[in-house]
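**Q** With the sequence up front, the predicted model follows.
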Amino acid sequence: MPRVVVAGGGWAGCAAALAARQAGAEVTLLERTDMLLGTGLVGGIMRNNGRFTAAEEMIALGGGRLFQLTDSVTRHRNIHFAGHRHAWLYDVARIEPLVRQALQEAGVEVRTLSRVTAVQVAGNSLQAVHTEGGQIYHGEAFIDATGTAGPPANCRRYGNGCAMCIYRCPTFGGRLGLAALAGVKEYAALRRGGGRGALSGSCKLHKGSLAPWLVSELEEKGVAVLPVPSDLPGKGELLQRKACQQYALPEYAANVILLDTGHAKLMAPFFPLEALRRVAGLVNARFEDPYAGGTGNSVRFLAMVPRDDTLQVRGLVNVFCAGEKAGPFVGHTEAIVTGTLAGHNAVRLLAGRELLVLPSTLAVGDIIVYASRQVDKGDGLYQRFTFSGSVYFERMQNLELYTTDREVIRKRVADLAGIFSVPLLGRKKAPGAEY
């Protein structure tokens with residue numbers, strides 16, 4: 001049976017591995033650290049704004065398993081905070097074991113502590129990858145889901161230094177891109193005010209360091225809004241450096257906004273500790289991620305690769321990309337969408353079938369095509385694309401793609417219903433089938 005090798009075990013890599021396995025391939029997932037999910041270990045926001053639409057489209061398309069898992073450990077449903085409606089917050093402490101178990105039960109070979117450091121290439125085709133530990137993994141198709149943050153030198157060059165974040169580069173080694181190792185030139189996002197990349201958009205506070213009344217409010221409501229003292233300068237400028245531009249709103253400059261994801265999610269890329277401790281309820285605050293969240297955060301979008309609308313990497317015939325690797329996409333939902341398509345198309349390639357381009361009548365298809373066109377034009381290098389806000393959510397609404405009506409979404413998906421759950425290897429396409 002042909003094998004798909006996935007490098008990177010964040011949300012995108014896990015989605016790609018699961019989709020490739022559902023389509024019938026043998027799958028090996030390589031993750032450089034000792035845990036899966038990457039920023040999914042500290043993120044936690046799902047289904048807010050257009051992400052609800054995207055999640056339901058993926059469920060209707062047969063790629064909904066990971067959404068079912070986050071739904072199953074949701075701490076709060078349909079909460080509202082500045083700029084965001086009907087958000088669901090999953091428990092970041094419970095999700096990783098569930099995802100790992102789901103992958104293993106599906107038959108995915110999960111290899112942690114497996115940092116890819118070299119590749120074997122023949123012409124424009126990848127043959128195998130080598131890990132730091134000396135293992136060699138051969139495959140017929142590969143997926144680059146290695147992300148765009150790190151290594152620490154990049155956080156020093158484009159940020160405020162290594163902030164000891166969830167990526168844990170000093171311990172497990174900095175990120176190396178699969179496609180880049182094969183000779184593909186990576187590109188970086190740009191900042192309007194100069195510089196490259198963008199700071200990760202939020203921090204985590206240890207809930208035990210918060211005032212008891214604040215913990216109670218947070219766990220009851222899911223969100224807490226704390227006014228910032230008027231004499232604390234500079235937070236508005238800080239917001240412009242965030243990866244998550246859907247949160248760069250005046251409300252986030254005037255307040256500390258916390259979300260309950262198990263930890264207390266602080267909606268700012270970093271916040272000077274002495275200033276934070278002047279906010280009511282936070283006099284004993286301590287950062288949980290990054291540990292140096294008083295001075296900085298990880299820098300992302302430094303290592304994207306050129307690709308087409310099927311998520312095939314340009315210049316390599318059997319390599320696909322997903323998550324931030326595929327463009328300046330922000331969020332878990334966006335990673336799952338691109339990962340699922342990449343994994344599915346890797347198997348379509350092996351089955352000798354035409355690669356799938358998701359139609360622009362679906363939000364999950366339109367965002368992939370639109371982001372690519374914007375990046376190719378150049379302006380997309382300054383933009384961040386997410387279903388939950390900023391330029392792309394505006395586009396969703398203008399195109400009337402945003403909806404919370406599941407029946408409307410099912411009708412849109414129409415003939416593509418269940419496509420990601422259909423085995424492709426060892427089976428001939430049924431007469432009249434579109435996929």
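**A** Noted; the coordinates are in hand.
**Q** who touches residue 374 in this structure?
**A** By Cβ atoms under 8 Å, 6 or more residues apart in numbering, the contact list for residue 374 reads 380, 383, 385. Glycine gets a C-beta too; all of them are placed from N, C-alpha and C.
**Q** can you pick the most crowded of the residues you listed?
**A** Neighbour tally across the contacts of residue 374 (other Cβ atoms under 10 Å): the maximum, 24 neighbours, falls on residue 385.
**Q** Which strands or helices does the helix ranked longest in the chain pack on?
**A** If you go by DSSP state H, the chain has its longest helix at helix 332-350. Other elements packing on helix 332-350 under the criterion 3 or more Cβ pairs under 8 Å, 6 or more residues apart in numbering; DSSP states H and E are strand 3-7, helix 11-22, strand 45-46, helix 50-60, helix 65-72, strand 141-144, strand 319-321, helix 363-377.
**Q** what about dumping the CA coordinates of it to PDB?
**A** What follows is helix 332-350, C-alpha atoms only, in PDB (Å, rounded to 0.1, in the frame of the first residue of the first chain):
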ATOM      1  CA  HIS A 332      -6.900  25.900  14.200                       C
ATOM      2  CA  THR A 333      -9.900  25.700  11.900                       C
ATOM      3  CA  GLU A 334      -7.800  27.100   9.000                       C
ATOM      4  CA  ALA A 335      -5.100  24.500   9.700                       C
ATOM      5  CA  ILE A 336      -7.600  21.600   9.800                       C
ATOM      6  CA  VAL A 337      -9.100  22.800   6.500                       C
ATOM      7  CA  THR A 338      -5.800  23.000   4.600                       C
ATOM      8  CA  GLY A 339      -4.500  19.800   6.300                       C
ATOM      9  CA  THR A 340      -7.500  17.800   5.300                       C
ATOM     10  CA  LEU A 341      -7.300  18.900   1.700                       C
ATOM     11  CA  ALA A 342      -3.500  18.300   1.500                       C
ATOM     12  CA  GLY A 343      -3.800  14.800   2.900                       C
ATOM     13  CA  HIS A 344      -6.700  13.900   0.600                       C
ATOM     14  CA  ASN A 345      -5.000  15.200  -2.500                       C
ATOM     15  CA  ALA A 346      -1.800  13.300  -1.600                       C
ATOM     16  CA  VAL A 347      -3.800  10.100  -1.900                       C
ATOM     17  CA  ARG A 348      -5.600  11.300  -5.100                       C
ATOM     18  CA  LEU A 349      -2.100  11.700  -6.600                       C
ATOM     19  CA  LEU A 350      -1.200   8.200  -5.600                       C
END
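**Q** Mind checking the pLDDT average for that helix?
**A** Averaging pLDDT along helix 332-350 yields 98.
**Q** The chain - how does it break down into domains?
**A** 3-193+299-421, 201-289 (automatic domain parsing).
**Q** Between these, which has the poorest mean confidence score?
**A** Taking the mean pLDDT of the domains of the chain, domain 201-289 comes last: a mean of 86.
**Q** circling back to that earlier point, of the domains of the chain, which stretch is the most buried?
**A** domain 3-193+299-421 (a mean of 21; mean count of other Cβ atoms under 10 Å).
**Q** Report how far apart the opening and closing residues of stretch 38-57 are.
**A** In stretch 38-57, first residue to last residue: 24 Å (Cα to Cα, to the nearest Å).
**Q** could you show me where the helices are in the stretch 251-400 of the chain, in order?
**A** 273-276, 332-350, 363-377, 390-398 (DSSP state H, counting those that start in this stretch).
**Q** which residues does the residue nearest to residue 186 when sequence neighbours are not counted contact?
**A** Leaving aside its sequence neighbours, residue 186 sits nearest to residue 303 (Cβ to Cβ, 6 or more residues apart in numbering; 4.4 Å). By Cβ under 8 Å, 6+ apart, residue 303 lies in contact with 146-148, 175, 177, 180, 186, 188, 325.
**Q** go with 7 Å
**A** 148, 177, 180, 186 (Cβ atoms under 7 Å, 6 or more residues apart in numbering).
**Q** do the same with residue 148
**A** Taking Cβ under 7 Å, 6+ apart, one finds 300-304, 324-325 in contact with residue 148.
**Q** Among these, which one sits closest to residue 372?
**A** Distance to residue 372 across those (Cβ to Cβ) is lowest for residue 304, with 10.8 Å.
**Q** Dig out what the closest one forms beta bridges with.
**A** On the basis of DSSP bridges, residue 304 is bridged to residue 187.
**Q** Quick check, it in contact with residue 190.
**A** No: the criterion here is Cβ atoms under 7 Å, and residue 304 misses it with residue 190 at 11.5 Å.
**Q** what residues are shared contacts of the two?
**A** The contact lists of residue 304 and residue 190 share no entry, where a contact means Cβ under 7 Å, 6+ apart.
**Q** Ramachandran coordinates for residue 198?
**A** Main-chain dihedrals, residue 198, degrees, to the nearest 10: phi -150, psi 150.
**Q** so it sits right up against residue 298, yeah?
**A** No: using Cβ under 7 Å, residue 198 is not in contact with residue 298; the gap is 9.8 Å.
**Q** could you pull out the strands for the stretch 101-250 of the chain?
**A** Assigned by DSSP state E, counting those that start in this stretch, the strands in the stretch 101-250 of the chain fall at 109-111, 116-122, 125-131, 136-138, 141-144, 198-199, 203-205, 223-227.
**Q** Same list (those strands) but as CSV, adding distance to residue 402.
**A** Formatted as CSV, the strands of the stretch 101-250 of the chain follow (distance: least, Cβ to Cβ, whole Å):
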stretch, distance to residue 402
strand 109-111, 35
strand 116-122, 38
strand 125-131, 38
strand 136-138, 41
strand 141-144, 29
strand 198-199, 24
strand 203-205, 29
strand 223-227, 22
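**Q** I'd like to know which of these lies nearest to residue 416.
**A** Residue 416 sits nearest to strand 141-144 of all the strands of the stretch 101-250 of the chain, at 21.2 Å, using Cβ to Cβ.
**Q** counting contacts, what elements does that closest one pack onto?
**A** Applying 3 or more Cβ pairs under 7 Å, 6 or more residues apart in numbering; DSSP states H and E, one finds that strand 141-144 contacts strand 3-7, helix 178-181, strand 319-321, helix 332-350.
**Q** Figure out which of these is closest to residue 49.
**A** If you check each of these against residue 49 by Cβ to Cβ, helix 332-350 wins as the nearest, at 10.2 Å.
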